[in-house]
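1. sequence? don't have it. structure:
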């Protein structure tokens, strides 16, 4: 569990130990793991590395999105449309340059 907590804290830079611990506890609860059994927890950790990595990445992305929206909301209303236009253009160019990326649908902005 400590390794996952350290990994989560490394990936999600604003996450403190207690938040990372809560993330692990939440995953264990979602998976109906008997947290009173060290063996059950250890076995689940061993066979669930992909699920854990996906969950940590999802949380990291949510944090980034929230940070972007907080920053965006600090801009004057008059410049927000220009920023969105530039981001849409950036996403299109970035998508063409990197075939592994999916184009972000920002047209609703």
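-> Received the coordinates, thanks. Here the structure is a predicted model, which means the values were calculated and not measured.
2. For residue 24, the count of nearby residues, please.
-> 21 (other CB atoms under 10 Å). Placement of C-beta: from N, CA and C, glycine included.
3. That one: what's it in contact with?
-> Applying CB atoms under 8 Å, 6 or more residues apart in numbering to residue 24 gives the contacts 1, 4, 5, 8.
4. contact partners of the helix or strand encompassing residue 57?
-> If you go by DSSP states H and E, residue 57 is part of helix 49-72. Contact partners of helix 49-72, identified using CB under 8 Å, 6+ apart, comprise 4, 7-8, 11-12, 14-15, 23, 27, 31, 45, 80, 83.
5. List the buried residues of the following helix or strand past it.
-> Later in the chain than helix 49-72, the nearest helix or strand by DSSP H and E is helix 77-97. Within helix 77-97, the residues that count as buried by 16 or more other CB atoms under 10 Å are 87, 88, 91.
6. What does the pLDDT read for the second one?
-> According to the model's per-residue confidence, residue 88 sits at a pLDDT of 91.
7. The last one too?
-> Among the per-residue scores, residue 91 shows a pLDDT of 87.
8. mind starting the numbering at 499 from now?
-> Happy to do that; since the first residue is 499 now, the last one works out to residue 589.
9. distance of it from residue 579?
-> From residue 589 over to residue 579 the distance is 16 Å, taken as CB to CB, to the nearest Å.
10. for the first one, same thing?
-> The gap separating residue 585 from residue 579 is 11 Å, by CB to CB.
11. just the second one next, same as before
-> Using CB to CB, one obtains 11 Å as the distance from residue 586 to residue 579.
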